[in-house]
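> can you look at this prediction? I've put the sequence above it.
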Amino acid sequence: MLKYHLKMDIKKVFDSYDEELRLVEAKLREIFKSDVVFIPLIGRYLLEGGGKRIRPLFLLTSARLLGYKGDGHITLAGVIECIHTASLLHDDVVDGAELRRGQPAAHSLWGNQVVILVGDYLYSNALRTAVSLNSHKIMEAVSGATTRMTEGEIFQLEKSGDIKMTEEEYLRIISAKTAGLISAACRMAAALAGRPPEDEEALAAFGLKSGMAFQMADDILDYMAEEEGLGKKLGKDLDEGKITLPLIYLLSSASKDEKEEIGSIIDNGLSNEGLKRMLGLFEKYSVLEESMKKAEKLISEAKEELMIFSPSHEREEMFALADYALQRDK
Ligand code: IPE
Ligand code: IPE
Ligand code: MG
Ligand code: MG
C-alpha cells in the first residue's frame, strides 16, 4: 500500500544533494568530536547505522528552493540531524526499544547511563553549534523545536495506555515530537536566505504538515512492516502502550465488547495472539487505510503551502520529498 509510483524519483533527489549530504556528515562528525572516548565511539555507531537523513534533506531542499548561496545550511542540517539522533538515543531508553535501524539500540550495547549522557551532550553541542550562526531567529527556531519535542515525548508518556486518547491529542503529540523539528528545518532555510515572513511561514507549514504525515506513516508502518524492512519490531507501539492513529480509529469503530478486549490486550502486555487479534480488527475496520488517507490529505495540504513559490525543479524535489515522507517503507 505504501508503494506508489513517484513523479520524481526520491533517489534522484538524494543523489542531487549527494555533495551537500557528505558535508553534513562531516559536520555531524565534528559535533560528535570529543576527547571523552564514549562520545565519538557511540557517535560513530550512530552515524554508520544508516539513518535516512530526511531532516537534513528538508533543510537542504528548502535552501536550494530559495537560491541560498552560503554554507549555513550545512551547519544547520548537521545540527538538526544531531538533535534527531539525540532524541532517538533517549527515546529508545524511554521506550525500552531493543532495535534501532535493524541493529541493537545503543543502550543495549553501552547501557542507559552513558547513552543518556551522550544524548545530553549531543543536544547541547548541537545548540552550541547553531549559536555560531549568530542569528536570533535561527536560535529561536531550533531551541523552540527541541523544547517542544521533549514536551511532546512527555505528553505522550502521560497518555500512555490511555484508550480514551483523542485524535486531537494524537495530533498534538506528533506535531510536537516529530513535525516541529522538520518544520524548524524548513523555516531556518528561509531565515538563512533572509526571506520575508510569508516565505518563512509557508516553508514552516510545509514542514509541519509533511512531518505530521511522516510520523503517521511511521505509526502505520509499525503495524505493517516486517522487522527486516523497518529495523524495528512489528507492533512495537502497542507493546509500548503507545496509542497511535490506527488504534484511535479502531477504538472509534469497534463494538463495546471489542473495545473491552482491546483494553485488556493493552493492559496485559502484547502477546503474539494479542497482536494477531489486533491486526485482524484493523483489517475488519480498514483503519490502516483510513489512517493513510488522513496522512495523504496532510501531504497534499503540505504541497499546497509551496504554491506561493514559482514552479521549479527545486519545488518538484520538495514535492517528491513530501511524497517520500509518506510512501517510504522504513
Ligand atoms: C524515526 O525517525 C523517529 C520518528 C520520528 C518516526 P526516522 O525514520 O527519520 O529515523 P532514521 O534517522 O531514518 O533512522
Ligand atoms: C521517535 O518517536 C522519537 C521522537 C520523535 C522524539 P517514536 O518512539 O514514535 O519512534 P520510533 O518508533 O521509536 O522510531
Ligand atoms: Mg520509540
Ligand atoms: Mg517514543
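Arrived safely. Note that this is a predicted model, so its numbers are computed, not measured. Ligands and ions are numbered 1, 2, ... in the order given.
> all contacts plus neighbour counts: C-alpha atoms, from now on.
Fine.
> how about the residues of the protein by ligand 1?
G51, K52, R53, I54, R101, T178, Q215, D218 (CA under 6 Å from any ligand atom).
> which pair in those residues has the greatest spatial separation?
Farthest apart among the residues of the chain next to ligand 1 by CA to CA are R101 and T178. That separation is 17.3 Å.
> neighbour-wise, which of the two wins?
The neighbour comparison of R101 against T178 (other CA atoms under 10 Å) goes to T178, with 26 against 18.
> how far out from the middle of the chain is stretch 209-227?
9 Å (CA atoms, centre = their mean, to the nearest Å).
> now stretch 137-154: buried residues?
Judged by neighbour count (16 or more other CA atoms under 10 Å), stretch 137-154 contains these buried residues: I138, M139, A141, V142, S143, A145, T146, R148, M149, T150, G152, E153.
> do stretch 257-277 as well
K259, I262, I265, I266, L270, G274, L275.
> filter those residues down to just the ones in helices.
In this view, the buried residues of stretch 257-277 that belong to helices under DSSP state H are K259, I262, I265, I266, G274, L275.
> related to what we said a few turns ago, pick out the lowest-pLDDT one from the buried residues of stretch 257-277.
By pLDDT, L270 ranks lowest within the buried residues of stretch 257-277, coming in at 79.
> chain neighbours aside, what residue packs nearest to it?
D239 (5.3 Å; CA to CA, 6 or more residues apart in numbering).
> shouldn't the one you found be in contact with D267?
No - the criterion here is CA atoms under 8 Å, and D239 misses it with D267 at 9.6 Å.
> tally of neighbours for L59?
Residues near L59, counting by other CA under 10 Å: 28.
> my read: it touches A189, true?
Yes - L59 is in contact with A189 according to CA under 8 Å; the separation is 6.1 Å.
> okay, and the residue of the chain positioned farthest from its centre sits in which element?
In the chain, counting by CA atoms, centre = their mean, D257 sits farthest out from the average C-alpha position, at 34.7 Å. For D257, the element it lies in under DSSP states H and E is helix 256-267.
> which one of the ones in helices among the buried residues of stretch 257-277 is nearest ligand 1?
L275 (20.7 Å; CA to the nearest ligand atom).
> out of the buried residues of stretch 137-154, list just those in helices.
I138, M139, A141, V142, S143, A145, T146, R148, M149, T150, G152, E153.
> could you list the low-confidence segments of the stretch 101-250 of the chain?
Applying pLDDT under 70 to the stretch 101-250 of the chain flags the ranges 225-232.
> all strands of it, in order?
103-104 (DSSP state E, counting those that start in this stretch).
> and it, which residues reach ligand 2?
So the stretch 101-250 of the chain meets ligand 2 at M149, K177, T178 (CA under 6 Å from any ligand atom).
> not counting sequence-adjacent ones, nearest residue to the first one?
Translated: M149. Nearest residue to M149 in three dimensions, chain neighbours excluded: K177, at 4.0 Å (CA to CA, 6+ apart).
> how many neighbours does that neighbour have?
What K177 shows, counting by other CA under 10 Å, is a neighbour count of 25.
> pretty sure it contacts L157?
No - at 11.5 Å, K177 and L157 do not qualify as touching, with contact defined as CA under 8 Å.
> picking that back up, looking at the buried residues of stretch 257-277, spot the one nearest I299.
The closest of the buried residues of stretch 257-277, once distances to I299 are taken by CA to CA, is L275, at 29.2 Å.
> and that closest one, how close does it get to L247?
12 Å (CA to CA, to the nearest Å).
> kindly report the same for D237.
From D237 to L247 the distance is 10 Å (CA to CA).
> looking at the two, which has the bigger crowd around it?
More crowded of D237 and L247, by other CA under 10 Å: L247, with 24 against 18.
> list the contacts of that one.
V287 (CA atoms under 8 Å, 6 or more residues apart in numbering).
> so F282 lies in a helix, does it not?
Yes - membership of F282 in a helix is supported by DSSP: H, G, I helix; E, B strand; the rest coil.
> tally of neighbours for it?
With other CA under 10 Å as criterion, F282 counts 20.
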